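**Student:** Below is the sequence, then the predicted model.
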Amino acid sequence: EVQLLESGGGLVQPGGSLRLSCAASGFTFSSSAMSWVRQTPGRGLEWVASLTTTGTSTFYADSVKGRFTISRDNSKNALFLQMKSLRAEDTAAYFCAKVFQGGGGTFFDYWGQGALVTVSS
Amino acid sequence: EIVMTQSPATLSMSPGARATLSCRASQSVSSNLAWYQQKPGQPPRLLIYGASTRATGIPDRFSGSGSGTEFTLTINSLQSEDFTVYYCQQYKIWPLTFGGGTKVEIK
């Protein structure tokens, strides 16, 4: 059974930093591209970042480029999102998502339960 | 960026009826479109990809159609568990973008 478990969410002040982790199991992690997607009641679902199986290629939404870094450790079946210079508008539930293999594009067949990030003073 | 527009925002339907949800892209995404279902307190679940291919384990009452800029998710014979929110997502071009969602509610 595929499982994705996010951790590291919480309350942080504007301008602060936070690192999200996602522990993956139940599939060959090193063979799967991965992504982070966030969701707010007001803005709905918003793709944040993606990276390839080896982590050598990364992709970011303009809203987080230069502030967020996606990475992975295939030896530990773990995905990360380092977030810096956080803003109030980064407040959201952050989902770790597995990219469907062989689908010819980046969409998501498994999602974690989400980690809540609140940016507020 | 490709803007995805879903309509209607809310669809009031009776159990057993057929629901038709629309998703429009601001430019062509070919067939690079996915549909997700999301229930309260849960993450999205993949229903359809490639505009019309059902994901593993998805009942055949769910079907997708369309290409280019106009897409449709049809749910035949609505079951109680189908009354929730549905999103479309294009994966033709970065950045990946989602529609704003359609809520299917009980009439």
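**Tutor:** Arrived safely. Residues are numbered from 1 along each chain as shown, chains lettered A, B, ... in the order given.

**Student:** separation between the residue nearest to the spatial centre of chain A and residue A:26?
**Tutor:** Nearest to the mean C-alpha position of chain A, by Cα atoms, centre = their mean, lies residue A:36 at 2.6 Å. Using Cβ to Cβ, to the nearest Å, residue A:36 is found at 19 Å from residue A:26. Backbone N, C-alpha and C define where each C-beta goes, glycine included.

**Student:** returning to what we had before: and the residue nearest to the centre of chain A, what are its bridge partners?
**Tutor:** In this entry, residue A:36 is beta-bridged to residue A:49, residue A:96, by DSSP bridges.

**Student:** likewise residue B:19?
**Tutor:** residue B:75.

**Student:** in its sheet, what does whatever helix or strand residue A:109 lives in sit against?
**Tutor:** Element membership of residue A:109 [criterion: DSSP states H and E] is strand A:108-111. Using DSSP bridges, the strands paired with strand A:108-111 in its sheet are strand A:92-99 (antiparallel).

**Student:** What are the buried residues along the strand it pairs with?
**Tutor:** Residues A:92-99 are the ones in strand A:92-99 that count as buried (16 or more other Cβ atoms under 10 Å in any protein chain shown).

**Student:** ok, residues contacting it?
**Tutor:** Contact with strand A:92-99 is made by A:2, A:4-6, A:9, A:20, A:22, A:24, A:27, A:32-40, A:43, A:46, A:48, A:50, A:79, A:81, A:106-117, B:43-44, as judged by Cβ atoms under 8 Å, 6 or more residues apart in numbering or on different chains.

**Student:** In strands, which of those appear?
**Tutor:** Among those, the ones falling in strands (DSSP state E) are A:4-6, A:20, A:22, A:24, A:34-40, A:46, A:48, A:50, A:79, A:81, A:108-111, A:115-117.

**Student:** out of the residues you listed, which are buried?
**Tutor:** Buried members of the ones in strands among the contacts of strand A:92-99, scored by 16+ other Cβ under 10 Å, are A:4, A:6, A:20, A:22, A:24, A:34-39, A:46, A:48, A:50, A:79, A:81, A:108-111, A:115, A:117.

**Student:** And the pLDDT at residue A:37?
**Tutor:** With respect to pLDDT, residue A:37 scores 98.

**Student:** what's the offset of the host helix or strand of residue B:5 from the middle of its chain?
**Tutor:** For residue B:5, the host element (DSSP H and E) is strand B:4-7. Relative to its chain's centre, strand B:4-7 lies at 9 Å (Cα atoms, centre = their mean, to the nearest Å).

**Student:** now swap in stretch B:93-103 and tell me
**Tutor:** The answer for stretch B:93-103 is 10 Å, by Cα atoms, centre = their mean.

**Student:** Excluding chain neighbours, what is closest to residue A:48?
**Tutor:** Among residues not flanking residue A:48 along the chain, residue A:36 sits closest, at 4.3 Å (Cβ to Cβ, 6 or more residues apart in numbering or on different chains).

**Student:** Can you tell me how far the residue nearest to residue A:25 when sequence neighbours are not counted is from chain B?
**Tutor:** Of all residues not flanking residue A:25 in the chain, residue A:3 sits nearest, at 4.8 Å (Cβ to Cβ, 6+ apart). Residue A:3 is 12 Å from chain B, where distance means Cβ to the nearest Cβ, to the nearest Å.

**Student:** So, low pLDDT: which residues of the chain?
**Tutor:** Defaulting to chain A. Chain A contains no residues with pLDDT under 70.

**Student:** What does residue 73 show for phi and psi?
**Tutor:** Using chain A. phi -130, psi 100 (degrees, to the nearest 10).

**Student:** ah, I was thinking of chain B
**Tutor:** Torsion angles, degrees, to the nearest 10, at residue B:73: phi -110, psi 120.
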